[in-house]
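Asker: Can you look at this prediction? I've put the sequence above it.
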Amino acid sequence: MARTPHPDISSEIRVRKAYGRLGFRMVLRLFAYVVLALAVAALAYDAWVWRGVGDFVMRSGADWWASLHEDSYTAFTDFVRRSSDWAWDNVVNRALRWPACATMGGLGAITWMMGRRRHHI
């Protein structure tokens with residue numbers, strides 16, 4: 001009985017590795033698009049309020065989070081304060097006080113760049 005040769009397994013492994021990386025990049029890009037859309041929505045809302053009131057004030061991330069879901073914002077701030085006062089004062093509180101559209105736009109841009117395809121030179 002003659003045995004049929006097995007197909008080249010190395011090509012299948014290369015395909016699986018490529019699709020695995022592609023899937024992770026796709027998740028990063030999808031997350032980036034969602035965060036960038038939220039940044040544009042926050043900026044549009046700030047512009048809408050500016051049109052009605054006359055003063056352009058960009059709402060901070062803390063203001064947005066507290067207005068959308070007060071309980072989770074309070075639970076998160078209490079958790080971080082209990083864990084480390086230094087982290088709350090120097091990192092988290094400062095980041096939450098930045099304008100929401102700038103913070104989410106920066107996070108979306110960084111995440112999109114992490115998920116893009118790299119071109120080899």
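Answerer: Arrived safely, thanks for sending. Residues are numbered from 1 along each chain as shown.
Asker: Can you tell me the closest non-neighbouring residue to R81?
Answerer: Among residues not flanking R81 along the chain, W88 sits closest, at 4.9 Å (Cβ to Cβ, 6 or more residues apart in numbering). (Each C-beta comes from the backbone N, C-alpha and C, glycine too.)
Asker: I'd guessed that neighbour sits against V80; true?
Answerer: Yes. With contact taken as Cβ atoms under 8 Å, W88 and V80 are classed as touching, separated by 4.9 Å.
Asker: Tell me where this structure has helices.
Answerer: In order along the chain, the chain carries the following helices (DSSP state H): 9-53, 61-68, 70-83, 85-87, 93-97, 100-115.
Asker: Figure out how far the last one is from the centre of its chain.
Answerer: When C-alpha coordinates are averaged (Cα atoms, centre = their mean, to the nearest Å), helix 100-115 and its chain have centres 6 Å apart.
Asker: elements contacting that helix?
Answerer: Using 3 or more Cβ pairs under 8 Å, 6 or more residues apart in numbering; DSSP states H and E as the contact criterion, the secondary-structure elements in contact with helix 100-115 are helix 9-53, helix 61-68.
Asker: Can I get those helices in TSV including distance to L107?
Answerer: Rendered in TSV, the data for the helices and strands packed on helix 100-115 read as follows (distance: least, Cβ to Cβ, whole Å):
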stretch	distance to L107
helix 9-53	5
helix 61-68	10
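Asker: Tell me how many other residues surround A100.
Answerer: The criterion is other Cβ atoms under 10 Å. On that basis, A100 has 23 neighbouring residues.
Asker: got it, and the one 5 residues further on?
Answerer: A count of nearby residues for G105, using other Cβ under 10 Å, gives 18.
Asker: ranking the helices and strands packed on helix 100-115 by burial, who's on top?
Answerer: Sort those by mean neighbour count, taking mean count of other Cβ atoms under 10 Å, and helix 61-68 sits at the top with a mean of 16.
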